[in-house]
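1. Sequence and predicted structure, then a few things I'm wondering about:
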Protein chains: 2
Amino acid sequence: MSGPLFVIGGAEDKLRRPTVLREFVEAAGGEHARIAVVPTASSLGPEIVEVYGAVFAKLGALDVFGVRPEDRAQAGDPALVAQIDAATGVFMTGGNQLKLSGVVSGTPFGEAIWRAHRRGAVVGGTSAGASIQSSHMVAFGPGGSTPKQRMTQVAAGLGLLEGCVVDQHFEQRNRYGRLLMIVAQSPHLLGIGVDEDTAAVVHEGTLRVTGRGAVTILDPSAIVTNAHEARRNAPLLASGVQLHVLPAGSTFDLAERRLLPAAGTTDPREAAELGAANRDLRRLARDIAAGDVSPTTLRRRRARRGAAEHD
Amino acid sequence: MSGPLFVIGGAEDKLRRPTVLREFVEAAGGEHARIAVVPTASSLGPEIVEVYGAVFAKLGALDVFGVRPEDRAQAGDPALVAQIDAATGVFMTGGNQLKLSGVVSGTPFGEAIWRAHRRGAVVGGTSAGASIQSSHMVAFGPGGSTPKQRMTQVAAGLGLLEGCVVDQHFEQRNRYGRLLMIVAQSPHLLGIGVDEDTAAVVHEGTLRVTGRGAVTILDPSAIVTNAHEARRNAPLLASGVQLHVLPAGSTFDLAERRLLPAAGTTDPREAAELGAANRDLRRLARDIAAGDVSPTTLRRRRARRGAAEHD
């Protein structure tokens, strides 16, 4: 069975409340995890692997190693492929998603990531490492709320998340416009925008949200658009898009494209009051059955007995 | 019959391509317009009226005058009320919408604006002057794409635009979040976000877009939300919101909450080709009818005659 995908919106908390990374480590096997950190997108040196190594160790995973193909030739290296094949978790860092996809897509290394996903390992990534998971990948483009023709470029991602396009830093970089442009031009894609320090965890067709922000879903199934004829960089018509903003704890059915019912949170005080009220009602029902009198009479009788009860 | 409302998203072009203000002046009667500029929201002095006076004059309207109540007492002044009663257009400037609504709402001056609207005068405003037109007015609050509990405040607007909440500078200040928060808390409101240098022109139940940007409509009719129980400033669940992004030229039915069909733009070259193809088909049909032969035979016969035609 395929493993979960962690699609993280960038800038995940690594120190104080590392909710997202903790869940990633747990999904990868906790103390038994073997996590491959793929920093190919990053322009930083070995420090980036050291940072994730330290965070994952603090969260209980001690076996963490960097695997860094820097070009397509290296992405064919059997030694690197073997490291992915041995991992229970693969984590792709942020950086430049075009570099990451340009190096790994369609190579033995990219295939190893696919294999890892299919054999049940957890595959995750943040920022660039999130974008690359979708079949259609935002390459680059400016922020802005309003979709405009040509404002962003799409390239092919790894496709672990089929039929989707993922954008990250969604709230912080105001990326409604570019995600809307993409789904207006490609209405069979589902647009998924992930805020910073937030993850869309996709497993068995369900998307679950964890972390500090929200995941925004743009469903263009019923869109009316002028994307086929809008000139230059004109604002696009995009009418009838279904919008879902999902904070932590929400779950969403990706096939049906709808929110799943919440597990149900109950206020403890409200629950206590409800319990007391139910007990009162049961007693009242017993009294009525036993005494064969009207509830009003019974209530009066009990009030005379001086029961000090309040609503 | 009520007049049109010009709901302008702020920063409308006053020099090079004053599309929005030109339409406002035309709607107010062009050279016969008498336009009252209400700068109450603004912290600027008489200069702001001078600016609009100069722009409107350049666009053909010579009779432009400032009417500026500064407190609720002045908003009861019959002389100011008479000036609004004499206007064919009322234009409310940008600034602080809470100041504007605090001074004019529920006063004889505010009633005069209502009267102007109902007798067919055009009422418009930009930024603060746009927000105040809706029944429920965004008072203030930060930008950001993700809706969060308590991120914005709602106050009562003039209510010329009933059942709506208007936000402005929509794209430029990233105001998806606060508009989503409001419609999540008040799902019977229609959220209308207007970009800078753009107007939603509302007349007889139809919203038409003009200007450089887009108008974004958030329809929460079918929303699923946790707004009644979200704590502090948590991100809000807002699932199932219908989203419409409408560039210039779009029209939207506010009662039915749906895009109206476009008047239809045709590429002249495509139209010429289509015309030629139709003529060919008619001739072919005539030939078939006359010759009682198969279309294939006829085509071959005509080809032999050496007709130099191309697809």
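-> Cool, got the structure.

2. OK, contacts around residue A:234?
-> Taking Cβ atoms under 8 Å, 6 or more residues apart in numbering or on different chains, we find residue A:234 in contact with A:148, A:149, B:247. Using the backbone N, CA and C atoms, a C-beta is placed for each residue, glycine as well.

3. To clarify, my last question referred to residue A:44.
-> Residue A:44 touches residue A:95, counting by Cβ under 8 Å, 6+ apart.

4. Secondary structure class of it, three-state.
-> Following DSSP: H, G, I helix; E, B strand; the rest coil, the label given to residue A:44 is coil.

5. can you tell me how far it sits from chain B?
-> 27 Å (Cβ to the nearest Cβ, to the nearest Å).

6. gap between that residue and residue A:96?
-> 11 Å (Cβ to Cβ, to the nearest Å).

7. export the contacts of residue A:234 to a markdown table and tack on secondary structure?
-> Output for the contacts of residue A:234, formatted as a markdown table (three-state DSSP):
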| residue | secondary structure |
| --- | --- |
| A:148 | strand |
| A:149 | coil |
| B:247 | strand |
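
8. out of those residues, which is most surrounded?
-> Most neighbours among the contacts of residue A:234, by other Cβ atoms under 10 Å in any protein chain shown: residue B:247, with 25 neighbours.

9. so the nearest residue to that one once chain neighbours are set aside bridges to which residues?
-> Closest residue to residue B:247 apart from its sequence neighbours, by Cβ to Cβ, 6 or more residues apart in numbering or on different chains: residue A:235 at 3.9 Å. Assessed by DSSP bridges, residue A:235 has beta-bridge partners residue A:148.

10. quick one: contacts for residue A:235?
-> A:146, A:147, A:148, B:195, B:212, B:213, B:214, B:245, B:247, B:248.

11. That one and residue A:64, how far apart?
-> From residue A:235 to residue A:64 the distance is 46 Å (Cβ to Cβ).

12. for residue A:153, same thing?
-> For residue A:153, the distance to residue A:64 - Cβ to Cβ - is 33 Å.

13. one step back: tabulate the contacts of residue A:234 (JSON lines), appending distance to residue A:166 and pLDDT.
-> Formatted as JSON lines, those follow (distance: Cβ to Cβ, whole Å; pLDDT from 0 to 100):
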{"residue": "A:148", "distance to residue A:166": "20", "pLDDT": "94"}
{"residue": "A:149", "distance to residue A:166": "21", "pLDDT": "93"}
{"residue": "B:247", "distance to residue A:166": "26", "pLDDT": "97"}
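
14. Not counting sequence-adjacent ones, nearest residue to the residue nearest to the spatial centre of chain A?
-> Nearest residue to the geometric centre of chain A (Cα atoms, centre = their mean): residue A:200, 0.3 Å. Leaving aside its chain neighbours, residue A:200 sits nearest to residue A:7 (4.3 Å; criterion: Cβ to Cβ, 6+ apart).

15. pretty sure residue A:158 is touching residue A:112, no?
-> No. Using Cβ atoms under 8 Å as the test, residue A:158 is too far from residue A:112 to be in contact (11.1 Å).

16. Could I get the contacting residues of residue A:210?
-> So residue A:210 contacts A:19, A:20, A:23, A:198, A:199, A:201, A:248, A:249 (Cβ under 8 Å, 6+ apart).

17. Tell me where the stretch 201-311 of chain A has helices.
-> A:268-291, A:295-304 (DSSP state H, counting those that start in this stretch).

18. Where among those is average confidence lowest?
-> Ranked by mean pLDDT, those bottom out at helix A:295-304, with a mean of 66.

19. Break down the stretch 151-300 of chain A into its strands, ranges please.
-> Using DSSP state E, counting those that start in this stretch, the strands of the stretch 151-300 of chain A run over A:153-156, A:161-167, A:190-194, A:198-203, A:206-211, A:214-219, A:224-225, A:238-247, A:251-253, A:258-259.

20. got the buried residues for the first one?
-> By 16 or more other Cβ atoms under 10 Å in any protein chain shown, the buried positions in strand A:153-156 come out as A:154, A:155.

21. And for the second one?
-> Of the residues in strand A:161-167, those with enough neighbours to count as buried (16+ other Cβ under 10 Å) are A:161, A:164, A:165, A:166, A:167.

22. could you check the angle strand A:198-203 makes with that strand?
-> Here strand A:161-167 runs at an angle of 180 degrees relative to strand A:198-203 (axes from the mean of the first three to the mean of the last three Cα atoms, to 10 degrees).

23. So which elements touch strand A:161-167?
-> Packing partners of strand A:161-167 (3 or more Cβ pairs under 8 Å, 6 or more residues apart in numbering or on different chains; DSSP states H and E): strand A:5-8, helix A:128-131, strand A:134-140, helix A:176-185, strand A:190-194.

24. same thing but at 6 Å, please
-> Under the contact definition 3 or more Cβ pairs under 6 Å, 6 or more residues apart in numbering or on different chains; DSSP states H and E, strand A:161-167 sits against strand A:134-140, strand A:190-194.

25. Can you tell me what sits against the longest one?
-> The reference is to strand A:134-140. Outside of strand A:134-140, the residues within contact range by Cβ atoms under 6 Å, 6 or more residues apart in numbering or on different chains are A:97-98, A:131, A:152-155, A:157, A:159, A:161-162, A:164-167, A:189.

26. Contact residues of the stretch 1-150 of chain A facing chain B?
-> For the stretch 1-150 of chain A, the contact set with chain B under Cβ under 6 Å from any Cβ of the partner chain comprises A:144, A:145, A:146, A:147.
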